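> sequence and computational prediction follow.
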Amino acid sequence: MEVKSTASSRLFLTSPVENKDDSEEKLERSYQFLQGTVSGLSDKDAHEALNKALLKDKGYEEVSLGLLVTILTEPPNASKSYRDLTLITRDGFGLVVTNLSQLILEKYLKFNDIVKQQLVWLLREMIKNAVSNVDNLVWNLMRHAAGGDVSQRNITLIESLLDVFIEYRAWLEKFPLLIASVVYTYLRLIEDHHAPYLTSLKQKEVNFLISIMRDHFHECLVIGRDLVRLLQNVARIPEFEQLWRDILLAPKKLLLQNRTSRRFLQSRLTPEMEKKLVFLTSQVRFGNHKRYQDWFQRQYLATPESQSLRCDIIRFIVGVIHPTNELLCSDIIPRWAVIGWLLTTCTSSVAVSNAKLALFYDWLFFDSERDNIMNIEPAILVMHHSMRSHPAVSATLLDFLCRIINNFYPPLTDKVHAGIFASLRQILDKRVLPSLLPLFDNSKLDRELRNMVRETFKEFCNAMPLESSSKEEFNVPHSTKYEDDSVEARMVAALNNHILDNEPAFSDDEEEPSLTITTNLEEDTDDDDIPLSKVRLKEKGDKSDDSLIEGPIGDLILKLKQETDAEDRCDLMEKVVELLIELEEEDENLPVIAKSLSNCVKDDVKGEVFPDVLTQELLLDSIKSPLFVLFKTLYGFNKDELGKDVLYRVASEMYNYLPNMGYLILYFLKVQIRTENKKEDHTKASALKISVYKDFCQSIDKKIDICIFDDLYACHITDTKLMMWIVPDLYRDFKQQTLNNAQILRVIISAVDSRQFQTLVGKVLQGHLVMFKPENLLTLLKVSLSWESIEQFFLWQLVNAHDISIDTVLPLITELDYEQHSEALTAITLMLKQEKPNADYIKYLFSRDICDNGDLFIFTIIKYWCDEYIDKVAELISSLLSTRYPSTSPNKRKRSGGKTLSATVPSADQVLGHLEKLRIICEKHDCMAIYTLDSMQRALSIAQNNSNDSQRKQFSELFALMEEEEEISATKSRPQGRGRKPAAKTAASNKRQPVREISDSSEESSEEEEIVKPKQAKKRKKVMSDSD
């Protein structure tokens, strides 16, 4: 047999036996098309040929991808190809960025060295030319900068990206989320770069991180408590010791209270590692896991440097992998067993200590209202299950837990103690373990450790074990709520998850564990077996329901269960549906028939049904299964047609056993309409789609908005790609239920990755997706204040994509706290940055509550505006202050019309209070120019004259900024923008302590720049000669 030889790949490192996949063939085809178009032509002729090629079908895509391949594989021609790409682009590099992002995520490790080198070059060019969405591209590439890997290729990537960030720092500073990701990544990588030959790289990383963290520490707060964990690992580096001293107080407390977003934990594993771990924890049976673990160990954990990677893996398993109910009740290897394997196979004592801290880190400051019990469950189950076969593991973890209370950070001992005790109480409340006494007072622990555990955890050692729960407690329904709401149900299902008759060992034992199913739960004395055995009995009972169905339907269902050919199964289902239509809606056999049908079709729709490539043929293939036959029949029904109600009744009964039916109906309807090619009758087809889903929601007795939320939640767990595909249709067809719906929106943005979010924003900009309406948007924004930081950042990016006016969101600022709502305030700050100051904006700013240490949000906005509009800002503030005293204000009728906002009008005390706090901050940073302008001086004079004694005393130092009366009268002829010397400070003001900043202790913070004085103003004497 002749073997067809294949040319070597231009982009990838391939072996002779590897075939090119679809994406590689597409790129190769585009490259050949480009070469065939411009080969041998002069620049002018080539340009004309390219323009003609763009007119062909798919010409733009092929030319763009061909130029991309040329840039990545031919360094001498890269500049020319990039220039051509710039000239022909229609979408601002959108097509190129999307394809490049996909290549980086899926195939970066297969790139040859030239492609990797050119990829960084292309990134530089795109950053230099301000191409949109390059930040997402950088984030995806940064994921391949692996921890625990000091190979030359990995070091080259790390250093290349670092050079990009240093060179284009101004670009980096435009993306707060990317700043946080870069800090998180390089703080983690520094730990691995301790070898002498990496000294220069390490010093470059240290200098960059110190600088970026000092200038943008507020953006780094979004990382949460894991930022402190990473800083602890590098605390002995001299530069970081100084940083520690600067941030040790308030920022650290704030950080430790916030759980780290999953996206940061995910970012420290390469896409390949993530894929392998997800497979291990969702597909591999307990007992068959050893060969997978051995392979993973050889691939990623074989070198001494790679031991530090174990912490990243444990944090990923604890914080990101949260199993579903179905997985918890299955025989898939549980999280605690994987973590136990990582701990017992570690070869470095330092890495073991860090791994223990990574495991218990969420315990230290656990708050049941903020944190998730799934983050603390693995640690307690590792200790519990290891006690029989690996007591040393349990002992070392208990010893660590006791000692960490006093040794983590002595000034916060009480908080750590409270966090660990709150974790243990939550473990008992949610029935993760029925009692802690068998673990804390176990004879396998040595006497010294048992005494220390008893002394540390008296509350739990003295408590009586909880009584066994009733059987009803373990009948756990499928959850369709947020994970925090469903934790109790999930943890009940997971009670002593996967406990078998013989305690399963870690990966050194490979034999298949046996399973004994008890037949009498009342007589079963082993509480560990109750949940799993009950599930097994329930599954066994389900299989016998088919015998209850008699007649032709029962025979067909039996054949359907036994048939394996997909086409024959669909034919059998059609016959079943035909017989069902003839039944009465109230037939008592319908629930049993629905249950049996659910058992027959559940394996067909288990997991992902959405094809990897969107073609009409593959979409149609994806709906060729018995369940979709039922949907197709419902879709084909006319209004009030005979048998319609019966089938909807069957569908509603099946929904009890197939919770994913809802989103599968939505998927089927979109595929059906897309493949029918009824473009001329799209409105009618869309109306039919809406009516089918509405009828389904009515049949299960749920409101449409609740159904959409439940279906999206179930879909985001199983298949996020499918969810993202149906989301635009949901927002178009069900506007009333989806627009400004906080629950639906949160499900979407909590599940998407950076590439999917990029697609979402793109659809908004293209006009294919509308998710908000200005009316009632404030309600949604208020609800979002309790979301995770990453979710809030995504929300505000979507708000910006919709071009929501600042007037719509500005009323929110009166309810935002500077320390607790940093995400919303950051977004509004950037929106105000684009606006010119006006009276309504000033009113809203000064209507905020007065902070003890000053409002840095107001200071930031006022300072930014003053750089260009200092006279205007002074006039607006003085007008606002003057109009608080209408009887004396000369401007009281000046602004009678043209308002766009109904701003809340602040009181005189509020305005003076904010001016006083601003004065303190301005004095500290030596930027008092605004207070010396004529308009401000007049306003302060009016305020002083109309204040009572108490107010004059309270704001005495503010009023002291005015000149003497005779000086004022002598200088009334001066132009508006001219300033005058403020009065000298009193002795009391000289003694006043500077206010400690909240967001950054560094004296080099961006908030500490002086307000630039207008050019026409003369240089004035400073109020404070040495303010710092």
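In hand now; what should we look at?

> span of stretch 693-712 from start to end?
Using Cα to Cα, to the nearest Å, one end of stretch 693-712 lies 14 Å from the other.

> quick one: list the elements packing against the helix or strand harbouring residue 943.
Taking DSSP states H and E as the definition, residue 943 sits inside helix 934-945. The contact analysis (3 or more Cβ pairs under 8 Å, 6 or more residues apart in numbering; DSSP states H and E) places helix 934-945 against helix 856-882, helix 956-959. For glycine as for every other residue, the C-beta is placed from the backbone atoms N, C-alpha and C.

> comparing the ones you listed, which comes out most buried?
Ranked by mean neighbour count under mean count of other Cβ atoms under 10 Å, these are led by helix 856-882, which reaches a mean of 21.

> centre of the chain to that helix, how far?
Remark: helix 856-882 is offset 35 Å from the chain centroid, using Cα atoms, centre = their mean, to the nearest Å.

> can you check stretch 426-435 too?
29 Å.

> ok, back up a step: next, the angle from the helix holding residue 943 to helix 856-882.
Here the directions of helix 934-945 and helix 856-882 differ by 70 degrees (axes from the mean of the first three to the mean of the last three Cα atoms, to 10 degrees).

> CA atoms only: put helix 934-945 into CSV for me.
Output in CSV follows, covering the C-alpha atoms of helix 934-945 (Å, rounded to 0.1, in the frame of the first residue of the first chain):
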residue,chain,number,x,y,z
ASP,A,934,-11.2,84.0,42.9
SER,A,935,-14.4,81.9,42.5
MET,A,936,-13.4,79.6,45.4
GLN,A,937,-12.3,82.5,47.6
ARG,A,938,-15.7,84.2,47.1
ALA,A,939,-17.6,81.0,47.8
LEU,A,940,-15.7,80.3,51.0
SER,A,941,-16.3,83.9,52.1
ILE,A,942,-20.1,83.5,51.5
ALA,A,943,-20.0,80.2,53.4
GLN,A,944,-18.1,81.6,56.3
ASN,A,945,-20.5,84.6,56.6
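
> can you tell me the average pLDDT over that helix?
Across helix 934-945, pLDDT averages out at 85.

> quick one: low-confidence parts of the stretch 1-150 of the chain?
Within the stretch 1-150 of the chain, the segments meeting pLDDT under 70 span 1-7, 17-18.

> one step back: I'd like the helices and strands packed on helix 934-945 as CSV, with distance to residue 61 and mean pLDDT appended.
Below are those laid out as CSV (distance: least, Cβ to Cβ, whole Å; pLDDT from 0 to 100):
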stretch, distance to residue 61, mean pLDDT
helix 856-882, 42, 87
helix 956-959, 64, 82
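
> now those as JSON lines including distance to residue 773?
Converted to JSON lines, those look like this (distance: least, Cβ to Cβ, whole Å):
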{"stretch": "helix 856-882", "distance to residue 773": "27"}
{"stretch": "helix 956-959", "distance to residue 773": "43"}
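
> among the ones you listed, which is nearest residue 916?
helix 956-959 (4.8 Å; Cβ to Cβ).

> who does that closest one touch, helix- and strand-wise?
Judged by 3+ Cβ pairs under 8 Å, 6+ apart, helix 956-959 is in contact with helix 908-924, helix 934-945.

> ok, which of those comes nearest residue 245?
Among those, if distance is taken as Cβ to Cβ, the winner is helix 908-924, at 20.1 Å.

> next structured bit after the helix holding residue 943?
Past helix 934-945, the next helix or strand by DSSP H and E is helix 949-954.

> tell me which residues in that following helix are buried?
Using 16 or more other Cβ atoms under 10 Å as the burial criterion, the residues of helix 949-954 that qualify are 951, 954.

> who are the packing partners of it?
Partner elements for helix 949-954 (3+ Cβ pairs under 8 Å, 6+ apart): helix 908-924.

> quick check: closest non-adjacent residue to the residue minimising distance to the centre of the chain.
Nearest to the geometric centre of the chain sits residue 790, at 4.2 Å (Cα atoms, centre = their mean). Leaving aside its sequence neighbours, residue 790 sits nearest to residue 261 (Cβ to Cβ, 6 or more residues apart in numbering; 4.3 Å).

> same check on residue 445?
Spatially, and ignoring its direct neighbours in sequence, residue 445 is nearest to residue 395 (5.6 Å; Cβ to Cβ, 6+ apart).

> list the contacts of that neighbour.
Neighbour list for residue 395: 444, 445, 446, 449 [criterion: Cβ atoms under 8 Å, 6 or more residues apart in numbering].

> if you rank those residues by neighbours, which is first?
Compared across the contacts of residue 395, residue 445 has the highest neighbour count, 20 neighbours, by other Cβ atoms under 10 Å.

> could you check how far that one is from residue 396?
11 Å (Cβ to Cβ, to the nearest Å).

> still on that earlier bit, the residue nearest to the centre of the chain: what secondary structure?
Under DSSP: H, G, I helix; E, B strand; the rest coil, residue 790 falls in the helix class.

> isn't it right next to residue 181, touching?
No - the criterion here is Cβ atoms under 8 Å, and residue 790 misses it with residue 181 at 10.1 Å.

> re earlier: any idea which of the helices and strands packed on helix 956-959 gets closest to residue 556?
helix 908-924 (75.8 Å).

> how far out from the middle of the chain is that closest one?
Centroid separation between helix 908-924 and its chain, computed with Cα atoms, centre = their mean, is 37 Å.

> equivalent analysis for stretch 759-775, please.
For stretch 759-775 - counting by Cα atoms, centre = their mean - the centre lies 19 Å from the chain centre.

> sort out which residues of it are buried, please.
Residues of stretch 759-775 classed as buried by neighbour count (16+ other Cβ under 10 Å): 759, 760, 761, 762, 763, 764, 765, 769, 771, 772.

> what of stretch 211-225?
Using 16+ other Cβ under 10 Å as the test for burial, stretch 211-225 gives 212-225.

> would you point out the most distant pair within these?
Those two in these that are separated most widely, counting by Cβ to Cβ, are 215 and 225, at 22.0 Å.

> do I have it right that the residue nearest to residue 790 meets residue 792?
No - the criterion here is Cβ under 8 Å, and residue 261 misses it with residue 792 at 10.2 Å.

> mind putting the contacts of residue 395 into TSV with secondary structure, pLDDT and distance to residue 294?
TSV is the format used below for those (DSSP: H, G, I helix; E, B strand; the rest coil; pLDDT from 0 to 100; distance: Cβ to Cβ, whole Å):
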residue	secondary structure	pLDDT	distance to residue 294
444	coil	85	28
445	coil	87	31
446	coil	88	32
449	helix	91	32
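
> any low-confidence regions in the stretch 751-900 of the chain?
If you take pLDDT under 70 as the line, the stretch 751-900 of the chain has these spans: 854, 886-900.

> the helices in it, which residues?
754-766, 777-784, 789-801, 806-809, 822-833, 839-846, 856-882 (DSSP state H, counting those that start in this stretch).

> of the ones you listed, which is nearest residue 700?
helix 777-784 (26.2 Å).

> and that closest one, how far out from the chain's middle?
18 Å.

> now do stretch 589-600
39 Å.

> by contact count, what packs against the helix or strand harbouring residue 687?
In the assignment (DSSP H and E), residue 687 maps to helix 682-699. Helix 682-699 is packed against helix 626-636, helix 644-655, helix 661-676, helix 704-718, helix 720-733, with contacts defined by 3+ Cβ pairs under 8 Å, 6+ apart.

> can you pull the buried residues of that helix?
Here helix 682-699 shows 685, 686, 688, 689, 690, 692, 693, 695, 696, 697, 699 as buried, counting by 16+ other Cβ under 10 Å.

> thinking again about what came up before, what is the neighbour count of the residue nearest to residue 790?
24.

> list the contacts of the residue nearest to the centre of the chain.
177, 222, 261, 262, 263.

> contacting residues for the third one?
Put plainly, it is residue 261. Residue 261 touches 222, 223, 224, 788, 789, 790, counting by Cβ under 8 Å, 6+ apart.

> and the two most separated of those?
223 and 788, at 11.7 Å, using Cβ to Cβ across the contacts of residue 261.
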